[in-house]
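**Student:** Predicted model, plus sequence, below.
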Amino acid sequence: SIPLGYFGGIGLASRHGILVKGSNFLDVMTELTTVVSDKTGTLTQGVFKVQEIKTSLDEQEFIQTVAALEKSSTHPIAKAIVEYAHEKTQTPHVEKVEEVAGQGLKGIVAGKTVLCGNLKLLQKFNITYPTELEQIVDTIVAVGIDNQYVGYLTIADEVKDDAAQTVADLKKLGIETIMLSGDKTAVVQKIADQLHISTAYGDLLPEDKVQKVQELKNAGKRIAFVGDGVNDAPVVALADAGIAMGGLGSDATIETADIVIQNDQPSRIVVAIKIGKLTKQVVW
Ligand code: ADP
Ligand code: MG
C-alpha cells in the first residue's frame, strides 16, 4: 500500500485538532462497532459547581476541611470545591493524602482522619450514612471524619454542546455509544437519557471499566474508548483505539492514547472516522 494517503490523513486530522499517533489508528476508526465513553470531562464539561451543602458541622469548618484535602487532587470535582472555598479564611494543616482511584480522597486534616468522595468510598471504610443519599440525582461528595459521617455537598456538571449530536451521528454510522462512569448510577442514567445513550453503567471502579471493555472485545467488538481522567489510562490502553481529551485530560491518559482530541469536543470522533474513510480511499 502507498503510505502517502496515510500521512495525508494524519496531517488532515491534525489540522482539525486531532492528534493521531500512527496511521493504523485512522484505519481502526473506520472499523469501529462501539464507542465507549467516560462521562465526566468527556461527554460532560467536567466543570463542576458546588450546589448545596448539608452538614451537621459548622458549614465553614466543613467546607474548609474538605477543600484542604481536595487541594492535593487534580480531579475536576476537587477543583470545584477548592474554588468554592477559596475566599474563605485560612486552611488547616493536611498530611498523608491518598487518592482512592475513582472514589475520592483520604487524608489527615488538623489531626483528624477525613474521607471525601462517593458513597462507595464511605462504604469501603464502613461509615454509615443516611440511605436517602442514594436517591440524590446529582454528583455527591460525601464526607466522613474519624469514622463518622458528617455531611455531603452536591456538585453539578453540564453535558457538552455537541455530545448529543455525536451520539446521533455515530448511530447513523452504525456505531453504538456506551457510557461507563465512576459517578453514581442515578446521575449517569440522567445524563444517558439526555444524550439518548441506551447502554450506560455507573458506580464503576477503574478496573470495572477495563473489564467491561475486555468483555466487549471478547464479544468481537471493535472499540474506541474515549476518556480524560488519570484512571482512564488502563482502559484507553486496552481499547482498539484509545482516545484522550487533550485540554482537560490527565498527562497519563494523553500519553497512553492513540488519538488526542485537542479541543475536547466529542464530535471530533466522528471527524476522525470520516478522515479515516477518506484516507483509505486515497490509499487505494
Ligand atoms: P468518571 O468515570 O465519571 O469520569 P471518575 O472515575 O473520575 O469519574 O470518578 C468517579 C467518582 O469518584 C466521582 O464521580 C466522584 O464521586 C469520586 N471522586 C473521584 N475523585 C474525587 C475527588 N478528588 N474528590 C471527591 N470525589 C472524587
Ligand atoms: Mg473522567
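**Tutor:** Cool, the structure landed. None of these values were measured; they are calculated from a predicted model. Ligands and ions are numbered 1, 2, ... in the order given.
**Student:** Could you tell me which ranges of the stretch 151-284 of the chain sit under the pLDDT cut-off?
**Tutor:** 248, 283-284 (pLDDT under 70).
**Student:** Measure how buried G229 is and give me the count.
**Tutor:** 28 (other Cβ atoms under 10 Å). The C-beta positions use only the backbone N, C-alpha and C, and glycine is treated the same way.
**Student:** quick one, what contacts it?
**Tutor:** By Cβ atoms under 8 Å, 6 or more residues apart in numbering, G229 lies in contact with D38, T40, G41, H75, G249, S250, T253.
**Student:** cool, and K112?
**Tutor:** Listed by Cβ under 8 Å, 6+ apart, the contact set of K112 reads T65, I145, D146.
**Student:** Now with 10 Å, please.
**Tutor:** K112 makes contacts with T65, P92, I145, D146, Q148, as judged by Cβ atoms under 10 Å, 6 or more residues apart in numbering.
**Student:** So which of the contacts of G229 wins on neighbours?
**Tutor:** Neighbour max across these (other Cβ under 10 Å) = T253, 29 neighbours.
**Student:** Helix or strand: which one has it?
**Tutor:** helix 251-256 (DSSP states H and E).
**Student:** What are the boundaries of the helices in the stretch 51-200 of the chain?
**Tutor:** Along the stretch 51-200 of the chain, counting by DSSP state H, counting those that start in this stretch, helices occupy 59-70, 76-85, 119-124, 163-172, 185-195.
**Student:** Near ligand 1, which residues of this structure are found?
**Tutor:** 38-40, 70, 73, 75, 77-78, 102-105, 116-118, 139, 141, 181-183, 229, 231 (Cβ under 6 Å from any ligand atom).
**Student:** mind putting the helices of the stretch 51-200 of the chain in a markdown table, mean neighbour count included?
**Tutor:** Below are the helices of the stretch 51-200 of the chain laid out as a markdown table (neighbours: other Cβ atoms under 10 Å):
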| stretch | mean neighbour count |
| --- | --- |
| helix 59-70 | 21 |
| helix 76-85 | 20 |
| helix 119-124 | 18 |
| helix 163-172 | 18 |
| helix 185-195 | 19 |
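**Student:** closest one to T30 among those?
**Tutor:** helix 163-172 (13.1 Å; Cβ to Cβ).
**Student:** pretty sure I275 contacts L12?
**Tutor:** Yes. Between I275 and L12 there is a contact under Cβ atoms under 10 Å: 5.4 Å.
**Student:** and those two? which has more neighbours close in?
**Tutor:** Between I275 and L12, counting by other Cβ under 10 Å, I275 is the more crowded of the two (25 against 18).
**Student:** Can you tell me the element that one falls in?
**Tutor:** helix 268-283.
**Student:** Show me what that helix is packed up against.
**Tutor:** Counting contacts by 3 or more Cβ pairs under 10 Å, 6 or more residues apart in numbering; DSSP states H and E, helix 268-283 packs against helix 4-15, strand 18-20, helix 23-30, strand 34-37, helix 163-172, strand 223-227, strand 241-245, strand 259-261.
**Student:** Ligand 2: which of these is closest?
**Tutor:** For those, the distance to ligand 2 is smallest for strand 223-227, at 5.8 Å, taking Cβ to the ion.
**Student:** next one: that closest one to chain centre, how far?
**Tutor:** 11 Å (Cα atoms, centre = their mean, to the nearest Å).
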